[in-house]
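>>> starting from these lines, generate the structure:
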Amino acid sequence: MFVGHFGLAAAVKATQPRVPLWSLMLATQFLDVVFVALYLAGGIESFRAVAPGTYGEALIDAQYTHSLLGALLLSALYGGLSAWRWGRRTGLVLGAVVFSHWLLDLLVHRADLPLLPGNAGGLPLLGLGLWQTPWATAAVEGVLLVAGAILYFRSVWRRAPFTWRAIVSGSVMTLLLVLGLAVDVLS
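Modelled structure (predicted):
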């Protein structure tokens with residue numbers, strides 16, 4: 001799940017026009033951004049290989065950022081900083097978007113998402129494994145991306161029909177849609 005996260009951000013932007021689009025896009029990937037920081041900080045989190053030729057040939061070993069508790073804490077952090085900057089409502093929206101990353105990952109990941117950071121307590125790992133069916137994963141991501149792009153595009157045109165802002169916003173979303181679908185097809 002990569003472009004599906006961006007589709008969700010676009011859909012949220014359609015209903016929450018005051019929330020900056022860049023902050024929604026970052027929010028959808030915030031767990032992965034922190035994952036990369038922990039990976040670069042000495043391998044606290046890492047990658048591991050799976051069977052060649054399968055969708056998602058490398059899995060992230062994200063025992064902290066992608067644990068349920070870790071995702072909730074990172075959502076609260078992002079939401080809190082956003083609330084401080086843009087107000088409580090925007091903070092709540094952005095915190096929820098950060099957490100949506102974990103929910104969408106739960107759908108596609110193999111059972112590799114712990115409940116507690118570091119898989120403390122050895123509790124069962126979660127994941128519904130949609131990645132193991134590539135066409136289904138591509139379909140879900142495609143639906144999220146197309147629906148998000150359509151909702152965003154329609155909301156911009158309703159608020160500002162025939163203005164440069166609407167044209168530029170529509171063009172950006174069309175580009176994201178085309179690039180997102182290309183990533184899905186090539187994966």
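
>>> how about low-confidence regions in the chain?
Scanning the chain for pLDDT under 70 picks out 1-2, 50-58, 160-170, 173-187.

>>> and the helices in it?
3-15, 21-40, 68-86, 88-108, 134-159, 164-186 (DSSP state H).

>>> hey, C-alpha coordinates of the third one in PDB?
C-alpha atoms of helix 68-86 as PDB (Å, rounded to 0.1, in the frame of the first residue of the first chain):
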ATOM      1  CA  LEU A  68      -0.500  -0.600  17.000                       C
ATOM      2  CA  LEU A  69       0.700   1.400  20.100                       C
ATOM      3  CA  GLY A  70       3.600   3.000  18.100                       C
ATOM      4  CA  ALA A  71       1.200   4.100  15.400                       C
ATOM      5  CA  LEU A  72      -1.200   5.600  18.000                       C
ATOM      6  CA  LEU A  73       1.600   7.500  19.700                       C
ATOM      7  CA  LEU A  74       3.000   8.800  16.300                       C
ATOM      8  CA  SER A  75      -0.600   9.800  15.300                       C
ATOM      9  CA  ALA A  76      -1.000  11.700  18.600                       C
ATOM     10  CA  LEU A  77       2.400  13.400  18.100                       C
ATOM     11  CA  TYR A  78       1.600  14.500  14.600                       C
ATOM     12  CA  GLY A  79      -1.900  15.500  15.500                       C
ATOM     13  CA  GLY A  80      -0.700  17.400  18.500                       C
ATOM     14  CA  LEU A  81       1.900  19.400  16.600                       C
ATOM     15  CA  SER A  82      -0.700  20.100  13.900                       C
ATOM     16  CA  ALA A  83      -3.200  21.300  16.500                       C
ATOM     17  CA  TRP A  84      -0.600  23.600  17.900                       C
ATOM     18  CA  ARG A  85       0.000  25.000  14.400                       C
ATOM     19  CA  TRP A  86      -3.500  25.000  12.800                       C
END
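
>>> just the buried residues of it, please?
Buried residues in helix 68-86, counted by 16 or more other CB atoms under 10 Å: Leu68, Gly70, Ala71, Leu74, Ser75, Tyr78, Gly79, Ser82, Ala83, Trp86. Where C-beta positions appear, they are placed from N, C-alpha and C, glycine not excepted.

>>> now do it: distance to the chain's middle.
Centroid displacement of helix 68-86 relative to its chain, using CA atoms, centre = their mean, to the nearest Å, is 14 Å.

>>> quick one: list the elements packing against that helix.
helix 21-40, helix 88-108 (3 or more CB pairs under 8 Å, 6 or more residues apart in numbering; DSSP states H and E).
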